[in-house]
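Q: sequence and predicted structure, then a few things I'm wondering about:
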Amino acid sequence: MPGGRLTQQERQQIALGLADGLAYAEIARRLERPTSTVTREVMRNGGPTAYRADLAHRATEHRAHRRRQPAPRDPGTPAQPHGRDAEAVRAYEEMFTTVFMQSGLPKMTARVLTCLYTTDAGSLTAAELVRHLQVSPATVSKAVAFLESQGLIRRERDERRRERYIVDDDVMYQSTVAGARSTARLGEVARQGVGVLGSGTPAAARLENIARFVDFVSESIVRAADQAREVLHSKSAAASGADSGGVS
């Protein structure tokens, strides 16, 4: 199995595979590379709809050059907590943001949610988000308003009366259940169409099957979320000593 960095030719093969609608696993099999290598390559270079082999290759060369010749850190830039690699953290945030965007979130909203998920404290103030993302307060305000409306974050005031935006242990559960219930609405609408289009007609049969499918899926998601909810409240050994920290 080939090792080391991807070549420009391999990146071109990845781009062709994406254009053909191939899954990451299939592209990786053809390259004789781990699926994780292809996934990481695509996610950190624009995602499956925006991946370009030449741009990805230049970006990788640029990152490698920066690692070979690290610039002195700006005294005003805080160090990464827990000895983390700043470049690796940045690349991971890009990948996480891309995944959120693929699920339907606007780019800035996805960036805000990524910040909240990857900070040790699990909460940030508007000022901290503005500083980390280097955007205007209005931009952050718009993003957090949308996230709150979707049940993806919550807000509360800290001891200094500052509003903090939070992703706590239960937010993922609540958003998953809300998404399942939203999907269930599709089933309700499909079933209403059976009467409108006439029971026994091909169109009505199709809608009835859709309704049954959606009912089963949404109910299964809610049931599974209820069963797995306690996982969100468990604490791994790796996290036991890292209860606090902020965005770097």
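A: Nice, thanks for sending it over.
Q: how many residues are close by the nearest residue to T125 once chain neighbours are set aside?
A: Of all residues beyond its chain neighbours, the one nearest T125 is R162 (5.0 Å), with distances taken as Cβ to Cβ, 6 or more residues apart in numbering. Heads up, the C-betas are built off the backbone N, CA and C, glycines and all. Applying other Cβ atoms under 10 Å, we find 12 residues neighbouring R162.
Q: isn't R162 right up against S123?
A: No: look at R162 against S123 with Cβ atoms under 8 Å: they stay out of range, at 10.4 Å.
Q: ok, then the element right after the helix or strand of the chain with the lowest mean pLDDT?
A: Least confident helix or strand of the chain, by mean pLDDT, DSSP states H and E, is helix 53-68 with a mean of 73. As assigned by DSSP states H and E, the chain's next helix or strand after helix 53-68 is helix 86-102.
Q: give me the mean pLDDT for that next one.
A: Helix 86-102 carries an average pLDDT of 84.
Q: swap in stretch 139-158?
A: For stretch 139-158, the mean per-residue pLDDT is 87.
Q: again, but for stretch 17-30
A: For stretch 17-30, mean pLDDT is 91.
Q: what comes up buried for stretch 165-174?
A: Across stretch 165-174, burial judged by 16 or more other Cβ atoms under 10 Å covers Y165, V167, V171, M172, Y173, Q174.
Q: restrict that stretch to CA atoms and write it as CSV.
A: Provided in CSV are the C-alpha atoms of stretch 165-174 (Å, rounded to 0.1, in the frame of the first residue of the first chain):
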residue,chain,number,x,y,z
TYR,A,165,-23.3,30.3,23.9
ILE,A,166,-23.2,26.6,24.9
VAL,A,167,-23.2,23.2,23.5
ASP,A,168,-23.8,21.0,26.5
ASP,A,169,-24.2,17.2,26.9
ASP,A,170,-27.8,17.3,25.9
VAL,A,171,-27.8,19.5,22.8
MET,A,172,-26.9,16.7,20.4
TYR,A,173,-29.8,14.6,21.8
GLN,A,174,-32.3,17.4,21.5
